[in-house]
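Peer 1: sequence and predicted structure are below.
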Amino acid sequence: MDKIKLLVVDDHAIVREGICALLELSPETVVLGEAANGKEALELVKKLNPDLVLMDIVMPVMDGLEATRSICKDFPRVKVLVLTQYDDREHVFQIIEAGAVGFIDKTTVSSELVRGIRAVHRGESFLSPQVARYLVDDFRHEYPERRKRDPYSQLTDREREIFKLLADGCTIREIADLLVLSPKTVEGHKTRLMAKLELRNRVELVKYAMRKGIVKL
């Protein structure tokens, strides 16, 4: 089995040495090189073509955020796994937005690091428990807010049902017969759902349904 080819990037030589010594104990990994900053990392990625870069964030010359962004843009095959002591929300979200597919803090145990490398190499994401908690907390906060801002989420089940039938091209009479309702009741539901979605006519309704993936061409 081919070993996972790594590049270790950290501005502290003693940290790089420790990481490399640890990785040498794993039969799954091989360290191709070391870099002390993001600029050196970019040069070595181009020269050595590693499978994965273990990237620190705060470094001189070029930091890990900028380096990660450049690697993910110019060398999309190379995966970036962040290994840092800076696991606060600001750094976490910035580095993930830059393209990193994993984030591990330096307090993690060695087995966790190897597990993260293995997962990222397989094409998965890997987050240390603290980072995962950040994402879960933010999702719990943001998701209800997004639902409040999405007018479609404010439709009743009946309005969604009628919305789908209208988008599919059904007439008011056809919908009334299908749902065993009066045409007047269907028309009332249509009026309310159109107002909630701020739609003016059937064409806008169909376009909206297509954007939401409710109907397809």
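Peer 2: Structure received. Note that the coordinates shown come from a computational prediction; the quantities given were computed from them, not determined experimentally.
Peer 1: can you pull out the helices in the chain?
Peer 2: Here the chain has its helices, by DSSP state H, at 13-24, 38-48, 64-74, 89-98, 110-121, 129-149, 157-167, 172-179, 183-197, 202-211.
Peer 1: how about the ones you listed in a markdown table, adding mean pLDDT and mean neighbour count?
Peer 2: For glycine as for every other residue, the C-beta is placed from the backbone atoms N, C-alpha and C. What follows is the helices of the chain, written out as a markdown table (pLDDT from 0 to 100; neighbours: other CB atoms under 10 Å):
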| stretch | mean pLDDT | mean neighbour count |
| --- | --- | --- |
| helix 13-24 | 91 | 15 |
| helix 38-48 | 96 | 19 |
| helix 64-74 | 93 | 20 |
| helix 89-98 | 76 | 17 |
| helix 110-121 | 86 | 18 |
| helix 129-149 | 61 | 12 |
| helix 157-167 | 92 | 18 |
| helix 172-179 | 94 | 16 |
| helix 183-197 | 92 | 16 |
| helix 202-211 | 87 | 15 |
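Peer 1: with respect to residue 57, which of those lies nearest?
Peer 2: Residue 57 sits nearest to helix 64-74 of all these, at 4.0 Å, using CB to CB.
Peer 1: look up the closest residue to the most far-flung residue of the chain relative to its centre, ignoring the ones flanking it.
Peer 2: The outermost residue of the chain relative to its centre, with distances by CA atoms, centre = their mean, is residue 182 at 46.0 Å. Distance criterion CB to CB, 6 or more residues apart in numbering; nearest residue to residue 182, sequence neighbours excluded, is residue 176 at 6.1 Å.
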